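*Asks:* Got a predicted structure here, sequence first:
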Amino acid sequence: SARQRADSFGNRHFVARGNTLMCVICEKKVDHSRNASLTRHLQTSRHLERASRNPTASNRQLSIETTLPVSTPARLESIGLVRHFVRVLASTNTPFNVANNPVMRNFLLEHVKNGGAIPKANALSPYLADLFKTEELKLANSLIGKKIQLVIDETFDREGRYVLCVLGLVQPPVTPNAKPFVLRTFFEKKALNSARVTELLIELLPKFNITLRQILALSTDSASYMLAAGRNLKPILPNAFHLTCTAHIMHLITKAFLEPFQLALKWARMFADYFASGSRKNRYMEFLKSINVSPKMPPRPVITRWTSLFDANAYALKYLEAQKAFLRSEDEEPELLQFISENYRFLKFQIKFIELRARPMIRAIKLLESDMGILFLLGSITENIGILLHSLKTFAEEAADEIINDMTETFSMSDKEQVVKLVKKSATASEEKFKKYFDEDTGCYPSRDLVKEIAFFYPVKTFQFQELPILAHVPRFDEVPLSELHLYRAKARSFRTKITAEQSENIEVNASEVQEVQDFWKANVESFPKLASIAMDYCFLLPAS
């Protein structure tokens, strides 16, 4: 093939374009049917003369135009059509082999002007490379002078390679839930470490016209080598903070909270698995209709979807009586009926307790997964969760009694002792996990001080700070004049009237409220420019990877 011939010459003299072989020096097609004809071509006087005039030509890559015949207007129009076709396929994530489909070929020939110029899949790759370079250059030009948050994550591919994906997000974001854009995906054969991550980032930034001073934040997971990379980069990123994925941290805290409640966890999985048979699904839906209950199948808990277990638990709370009645109506005596009959009181307690007490955590996870830039809210979120877990640990008996008193089932003293023990175990384990990251003295969350202080820029929360706060970890705050602080407080009072006290304590915030905060700072750029500059830089960072 043309590619094999190019490889045999070290890819220095020839380059393959589909089934065509091009001479890099002469910029013309050559016959690749025999190896000897290529050798003869390299020895022709014309080739040798051109090579002597341009000795570096063999190191450059041919453009699309030079791989094709003379660039007549018709040919240029065909090139444009192919490029547009490739852009459509790439933008819609459509495999290139659709170009080989007979139906597609007929459509292109009959309904697209010059559609016959669109080649089959194996000849589209050079156009994709051109498209990639064009889009990369466009992105690089758009980032000149912009302030950037970098989002970095690692995964694996099916070939066993280590994949490092680097994304960017312009700050402040255009909308509260603006999506990050991909800068580069690296494929590594060896396991990544802090030194390699640091090296790849430093090499990447200049390619997109990003200077070190433009970086405001580095978001990663909490892996030890990522934390080390953050420490490595701190001295050369003067304006940047390291944020680890708070959604993942909250998931770990919630996982520790749920661990003692095995009856509820097991029931959610068992009941969802019971409906592997389609006939059972139909019987269950008909049964729900017959007892005037909204027909809905139970959600299946999925380990990679952090909120799916809560969705399954909320379903069980609403449908538990109907589930039990349905199992009794089944002809066979399933394992599930025995399980629910033997454990009903404790199962119902666990389901109700999880729904009531874990609700703030599930709201936090959903909010942190929303892709909204809400760093200004993160301090309130973590503070509320910390208070919840500590109060549950301290008042475990009262928390258990609240659930028991709301149930019709009777609990003996030994039963109460058992559930109180569960509550205390849950609260203790989850609080320990919480303190691992957010404890004031020992927490390993790298920018926890900034997270706490940046809440000052949320107008609803600013009055929780002293009149002249000292925000030692907020960049440039020492440059803010007193007049700006006083004016900000005055305007924050009028902002506060727009949001009720109940809303201000509720961490279930939507995009419109985030937009309201962003609009407040945009509207006051002239009133307090230094404060607004800080707020627009750091309030709307994405606290997740």
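*Replies:* Looks like it arrived, so ask away.
*Asks:* For stretch 147-156, C-alpha coordinates in CSV please.
*Replies:* Taking Å, rounded to 0.1, in the frame of the first residue of the first chain, the C-alpha atoms of stretch 147-156 are listed here in CSV:
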residue,chain,number,x,y,z
LYS,A,147,-8.1,34.2,32.4
ILE,A,148,-8.3,30.5,32.5
GLN,A,149,-9.2,27.7,34.9
LEU,A,150,-7.6,24.3,34.0
VAL,A,151,-9.5,21.1,34.7
ILE,A,152,-7.4,17.9,34.6
ASP,A,153,-8.5,14.3,34.9
GLU,A,154,-7.0,10.9,34.3
THR,A,155,-8.6,7.7,33.0
PHE,A,156,-7.6,4.6,31.0
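*Asks:* For F181, which residues count as its bridge partners?
*Replies:* G168 (DSSP bridges).
*Asks:* what's the spacing between it and I144?
*Replies:* 15 Å (CB to CB, to the nearest Å). Just so you know, the C-beta spots here come from the backbone N, C-alpha and C atoms, and that holds for glycine as well.
*Asks:* Equivalent analysis for E321, please.
*Replies:* Counting by CB to CB, the gap from E321 to I144 is 63 Å.
*Asks:* Would you mark the buried spots in stretch 21-28?
*Replies:* 21-26 (16 or more other CB atoms under 10 Å).
*Asks:* residue contacts, E453?
*Replies:* 379, 469, 471-474 (CB atoms under 8 Å, 6 or more residues apart in numbering).
*Asks:* Show me those residues that map onto helices.
*Replies:* Counting by DSSP state H, the part of the contacts of E453 found in helices is G379.
*Asks:* which of the contacts of E453 sit farthest apart?
*Replies:* G379 and A472 (14.9 Å; CB to CB).
*Asks:* Doesn't F187 lie inside a strand?
*Replies:* Yes. Counting by DSSP: H, G, I helix; E, B strand; the rest coil, F187 falls inside a strand.
*Asks:* Can you give me every residue that contacts it?
*Replies:* Counting by CB under 8 Å, 6+ apart, F187 has contacts 157, 161-163.
*Asks:* Could I have the buried ones of these as PyMOL selection syntax?
*Replies:* Restricted to buried positions by 16+ other CB under 10 Å, the PyMOL selection for the contacts of F187 reads:
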select buried, resi 162
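*Asks:* Any chance of CSV for the contacts of F187, columns secondary structure?
*Replies:* Shown next, in CSV, are the contacts of F187 (three-state DSSP):
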residue, secondary structure
D157, coil
R161, coil
Y162, strand
V163, strand
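*Asks:* Could you dump the contacts of F187 into CSV and include distance to K436?
*Replies:* As requested, the contacts of F187 are exported to CSV (distance: CB to CB, whole Å):
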residue, distance to K436
D157, 31
R161, 31
Y162, 26
V163, 28
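*Asks:* mean confidence for stretch 31-39?
*Replies:* Regarding stretch 31-39, the rounded mean pLDDT is 80.
*Asks:* Quick one: distance of the longest helix seen in the chain to the chain centre.
*Replies:* The longest helix of the chain (DSSP H) is helix 413-438. Taking CA atoms, centre = their mean, to the nearest Å, the mean C-alpha location of helix 413-438 is offset from the chain mean by 31 Å.
*Asks:* ditto for stretch 157-177
*Replies:* Put simply, stretch 157-177 sits 7 Å off its chain's centre (CA atoms, centre = their mean).
*Asks:* The stretch 151-300 of the chain: strands as residue ranges?
*Replies:* 162-171, 181-188, 215-220, 241-244 (DSSP state E, counting those that start in this stretch).
*Asks:* Just the pLDDT at the closest residue in space to V480 that isn't next to it in sequence, thanks.
*Replies:* Using CB to CB, 6 or more residues apart in numbering and skipping residues adjacent in sequence, the residue nearest V480 is K530, 4.7 Å away. Looking at K530, its pLDDT reads 95.
*Asks:* same check, this time on E502
*Replies:* Note for E502: predicted pLDDT of 41.
*Asks:* if we can go back for a sec, what mean pLDDT does the longest helix of the chain get?
*Replies:* Per-residue scores along helix 413-438 average to 94.
*Asks:* If you drop the residues flanking it in sequence, what lies closest to R87?
*Replies:* Nearest to R87 is L131, by CB to CB, 6+ apart, at 5.8 Å.
*Asks:* Would you agree K179 is in contact with M372?
*Replies:* No. Between K179 and M372 no contact is recorded; they are 10.9 Å apart, counting by CB atoms under 8 Å.
*Asks:* Show me which pair in the buried residues of stretch 21-28 is furthest apart.
*Replies:* So, these by CB to CB: farthest apart are L21 and I25, at 13.0 Å.
*Asks:* that older thread, from the buried residues of stretch 21-28, which land in strands?
*Replies:* Per DSSP state E, strands hold the following members of the buried residues of stretch 21-28: 21-23.
*Asks:* farthest pair in the contacts of F187?
*Replies:* Spatial extent of those (CB to CB) is set by the pair D157 and Y162 at 8.6 Å.
*Asks:* residues of stretch 227-245 that come out buried?
*Replies:* Burial within stretch 227-245, assessed by neighbour count using 16+ other CB under 10 Å, is assigned to 227, 229-230, 232-233, 237, 240-245.
*Asks:* Any stretches of the chain with poor pLDDT?
*Replies:* Applying pLDDT under 70 to the chain picks out residues 7, 9-12, 18, 52-72, 332-333, 496-510.
*Asks:* Tell me how many other residues crowd the residue nearest to V480.
*Replies:* Counted by other CB atoms under 10 Å, the residues lying close to K530 total 14.
*Asks:* ok so, going back, just put the strands of the stretch 151-300 of the chain in JSON lines and tack on distance to Q262.
*Replies:* JSON lines is the format used below for the strands of the stretch 151-300 of the chain (distance: least, CB to CB, whole Å):
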{"stretch": "strand 162-171", "distance to Q262": "35"}
{"stretch": "strand 181-188", "distance to Q262": "39"}
{"stretch": "strand 215-220", "distance to Q262": "33"}
{"stretch": "strand 241-244", "distance to Q262": "29"}
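*Asks:* what about Q418, distance to F346?
*Replies:* Noted for Q418: a distance of 8 Å to F346, by CB to CB.
*Asks:* Give me the more crowded residue out of the two.
*Replies:* More crowded of Q418 and F346, by other CB under 10 Å: F346, with 18 against 14.
*Asks:* P475 against D537, yeah?
*Replies:* Yes. P475 is within contact range of D537, at 7.5 Å (criterion: CB under 8 Å).
*Asks:* Return every residue with contacts to both of these two.
*Replies:* N239.
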